[in-house]
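1. Here is my input, please return the structure:
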Amino acid sequence: MKIYRVGGSVRDELMGLPAGDRDWVVVGATPEDMVAAGYTPVGRDFPVFLHPQTHEEHALARTERKTAPGYRGFVFHADRTVTLEQDLQRRDLTINAIARADDGTLIDPCNGRADIAARVLRHVSAAFAEDPVRILRLARFAARFHDFTVAPATVALMRDMVDCGEVDALVAERVWQEVSRGLMEAKPSRMIEVLRECGALRVVLPEVDALFGVPQPPQHHPEIDTGIHLMQCLDWAAAHGASLAARWALVAHDLGKGTTPKEEWPRHIAHEARSAKLARELAERLRVPVDIADIARLVAQEHTNVHRAAELRADTMVKLLERLDVMRKPERLADILLACEADARSRPGRDEAGYPQAERVRSAAEAFRSVDAGAIASRLAASGKVSGPAIAQAVHAARVQAVAPR
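-> Okay, here's the model as predicted:
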């Protein structure tokens, strides 16, 4: 039995980056050998075991054979005869196909170190085409290592995968898992860019793909193209440490512009309602967590109103805060406002202007929440005015008075 550290931790170590979780491959062993050595079996599809002390995952060296479409259509083979090199050959990218022995020796049969030095993302072998998830993973790595290029042969292979329908077999959970991770990388726009370059964006996120080539009024959007605007928003949000909820909200905030009839371009009247509808439908299709989906829908519906916060009358501001549900769910306002700020400040030449609208909405929300609805209801009850409409009207009036600028 020989044990090698493989994958991301070796790659990151060679790049001078903090190493994350460590993965291990075991060569020359059987499942029975692993159990006898104290390891705990956890693998469902192929033999994976937890180390008795560190609890790190150790997988038996394995090969695989494609048997059906999609990422689940594989039969795995693992026994004492499978070599480390065979195991590394089945991996996705050359930079992820490097192993380190316990004496420090590097095993690099796919020339991953050369691709790290050249800043290239390259597939290991033609077997890359057998698993459509690898397209999403590569796009995610492009967002993380955004100074890397994708090898032309790898782009061509991914296009072939899209053309032959392999990407159509992706299930919602895996799409969301990889896309959400890519959104949290340093430059999310690179993920969108790579998916679009190979044609996968129109399959996994067709609503986003539809934004490219759609113009916006240049006086408001100097970048003009709606798809370019989305990518600028995402990178601004990433640079300012935005949460996943805020970044996903930016993905969805202008989806309605992709459905504007061409004869109405570059105007997009009532795109907010269309964006909210598409945001909801997209979230349902990808099974996005409910709290994240709700924030995206609200940003799509209300971002224009937040941009106009300084102009809103107190009554209109109260109605906006009621729709945002700041009384019951105050914690999500920060994500909503940051997404709106990214939409405004990511536009060329607009970053230095700041975003005072966020402070206006925050202070109004604090004033809104300071109104004691229970005390108002008790006071009205004491005077005999106990009807629901009377109480609601009084609470609303108090909130309007509270949020009015002093």
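
2. From here on, just use CA atoms for contacts and neighbour counts.
-> Will do.

3. Low-confidence ranges, the protein, go.
-> Where the chain drops to pLDDT under 70, the residues are 44-46, 64-77, 385-386.

4. Outline the domain layout of it.
-> For the chain, automatic domain parsing gives the domain ranges 1-117, 119-204, 236-370, 373-403.

5. got the residue ranges for the strands in the chain?
-> 2-6, 23-27, 40-41, 48-50, 57-60, 63-66, 74-77, 99-100, 106-107, 120-121, 149-150 (DSSP state E).

6. Buried ones in the first one, by neighbour count?
-> For strand 2-6, the buried set under the neighbour-count rule, 16 or more other Cα atoms under 10 Å, comprises Ile3, Tyr4, Arg5, Val6.

7. Am I right that the second one is in contact with Gly28?
-> No. Tyr4 is beyond contact range of Gly28, at 11.5 Å (criterion: Cα atoms under 8 Å).

8. thinking again about what came up before, okay if I get the strands of the chain as TSV plus distance to Met191?
-> What follows is the strands of the chain, written out as TSV (distance: least, Cα to Cα, whole Å):
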stretch	distance to Met191
strand 2-6	24
strand 23-27	25
strand 40-41	35
strand 48-50	30
strand 57-60	28
strand 63-66	27
strand 74-77	26
strand 99-100	26
strand 106-107	29
strand 120-121	13
strand 149-150	11
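
9. Please identify which of those strands is closest to Pro217.
-> Checking those against Pro217 by Cα to Cα gives strand 149-150 as the closest, at 32.3 Å.

10. can you list contacts of the closest one?
-> Arg119, Val120, Leu121, Arg122, Ala142 (Cα atoms under 8 Å, 6 or more residues apart in numbering).

11. ok, now which ones touch the most centrally placed residue in the chain?
-> Taking Cα atoms, centre = their mean, the centroid of the chain lies closest to Ser180, which sits 2.4 Å from it. Contacts here follow Cα under 8 Å, 6+ apart; on that basis Ser180 touches Leu244, Trp248.

12. how close does it sit to Glu173?
-> 10 Å (Cα to Cα, to the nearest Å).

13. what's the answer for Ala390, then?
-> Counting by Cα to Cα, the gap from Ala390 to Glu173 is 47 Å.

14. Next: Arg137.
-> For Arg137, the distance to Glu173 - Cα to Cα - is 14 Å.

15. what about the two, which has more around it?
-> Each of Arg137 and Glu173 has its neighbours counted (other Cα atoms under 10 Å); Arg137 has more, 20 against 13.

16. Verify the contact between that one and Gln177 for me.
-> No. Using Cα under 8 Å, Arg137 is not in contact with Gln177; the gap is 9.9 Å.

17. State the number of residues packed around Glu281.
-> 14.

18. can you check Pro218 too?
-> 11.

19. How about the contacts made by it?
-> So Pro218 contacts Ile224 (Cα under 8 Å, 6+ apart).

20. Would you mind giving both backbone torsions of it?
-> Backbone torsions of Pro218, given as degrees, to the nearest 10, read phi -60, psi -20.

21. Next one: it from Arg181, what distance?
-> Distance from Pro218 to Arg181, by Cα to Cα: 32 Å.

22. same check, this time on Arg347
-> Arg347 is 24 Å from Arg181, by Cα to Cα.

23. How about Cys110?
-> Here the criterion is Cα to Cα. By it, Cys110 lies 26 Å from Arg181.

24. The two: which has the busier surroundings?
-> Using other Cα under 10 Å as the criterion, Cys110 and Arg181 rank with Cys110 on top: 22 against 18.

25. For the more buried one, which residues are in contact?
-> Leu88, Gln89, Thr94, Ala97, Ile98, Val124.

26. ditto for Ala37
-> Contacts of Ala37 by Cα under 8 Å, 6+ apart: none found.

27. One more: Ile292?
-> So Ile292 contacts Leu244, Ala245, Trp248, Ala249 (Cα under 8 Å, 6+ apart).

28. Please flag which of the residues you listed sit within helices.
-> Among the contacts of Ile292, the members found in helices (DSSP state H) are Leu244, Ala245, Trp248, Ala249.

29. May I ask you to confirm that Val155 is in contact with Ala200?
-> No. In this structure, Val155 is not within contact of Ala200 by Cα under 8 Å, at 10.9 Å.

30. Compare these two (neighbour count), which wins?
-> More neighbours surround Ala200 than the other of Val155 and Ala200, with 24 against 20 (other Cα under 10 Å).

31. Distance of that one relative to Ala283?
-> For Ala200, the distance to Ala283 - Cα to Cα - is 18 Å.

32. Show the backbone phi and psi for Asn111.
-> phi 60, psi 40.

33. wait, isn't Gly199 in contact with Val162?
-> Yes. In this structure Gly199 lies within contact range of Val162 using Cα under 8 Å: 6.5 Å.

34. what's the neighbour count on the closest residue to Met231 other than its chain neighbours?
-> Once flanking residues are discounted, Met231 sits nearest to Ser189: 4.7 Å by Cα to Cα, 6 or more residues apart in numbering. A count of nearby residues for Ser189, using other Cα under 10 Å, gives 27.

35. how much space between Ser189 and Leu183?
-> For Ser189, the distance to Leu183 equals 8 Å [Cα to Cα].
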